[in-house]
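> after the sequence you'll find the predicted model.
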Amino acid sequence: MSEVAEQTNASRDEFLGERRSGPRHCGWCGRRLEQGVSVGRRRRYCGQSCRQRAYERRIAVQRSGLPEDAVVLSDAELATLQDRLFQLRCAAEDVVTAAEDGADADELRRMATEVARSARDLEQLR
């Protein structure tokens with residue numbers, strides 16, 4: 001095998017290893033799961049209560065006839081999600097405006113940190 005092919009395979013294996021070992025989140029509440037060194041299936045939920053809630057949701061979805069990957073939100077949840085997305089968009093637009101107006105690096109860093117915080121909060125849908 002050529003040196004280039006070996007490097008390509010090595011980098012692919014490193015990428016796959018990073019992807020597999022990357023941070024995982026609870027399938028119900030979204031909390032970060034601790035990475036154990038155990039053998040077997042990876043954890044999908046942070047605890048028994050989240051596992052039970054996910055099971056109950058799956059059963060309810062099956063009974064309703066909705067597709068299994070359907071996401072059901074109440075009007076209040078949808079409005080909250082839209083508000084949070086609007087806040088994130090406004091924060092990102094503020095960073096762009098500040099950069100165009102010549103803001104210094106510290107100010108841009110502070111604003112970018114705020115955008116990252118907003119995005120992280122938005123990740124937690126539940």
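Right, received. Where do you want to start? Residues are numbered from 1 along each chain as shown.
> what ranges does this structure have for its strands?
Listed in chain order, the strands found in the chain under DSSP state E are 24-25, 32-33.
> for the lengthiest helix in the chain, what is the average pLDDT?
When the chain is scanned for its longest helix (criterion: DSSP state H), the result is helix 75-100. For helix 75-100, mean pLDDT is 92.
> check stretch 37-48 too.
Here the average pLDDT along stretch 37-48 is 83.
> that stretch: which residues count as buried?
43, 45, 46 (16 or more other Cβ atoms under 10 Å). All C-beta spots, glycine's among them, are computed from the backbone N, C-alpha and C.
> do the same with stretch 98-112
For stretch 98-112, by 16+ other Cβ under 10 Å, it's 98, 103, 111.
> just give me the closest of those to residue 69.
residue 111 (35.4 Å; Cβ to Cβ).
> so what's that closest one up against?
91, 94, 95, 98, 103 (Cβ atoms under 8 Å, 6 or more residues apart in numbering).
> OK, contacts around the last one?
By Cβ under 8 Å, 6+ apart, the contact list for residue 103 reads residue 111.
> for it, phi and psi?
Note on residue 103: backbone dihedrals following degrees, to the nearest 10 are phi -60, psi 150.
> quick one: pLDDT of the spatially closest residue to residue 72 that is not a sequence neighbour?
Nearest non-adjacent residue to residue 72, counting by Cβ to Cβ, 6 or more residues apart in numbering: residue 66, 7.1 Å away. Note for residue 66: predicted pLDDT of 80.
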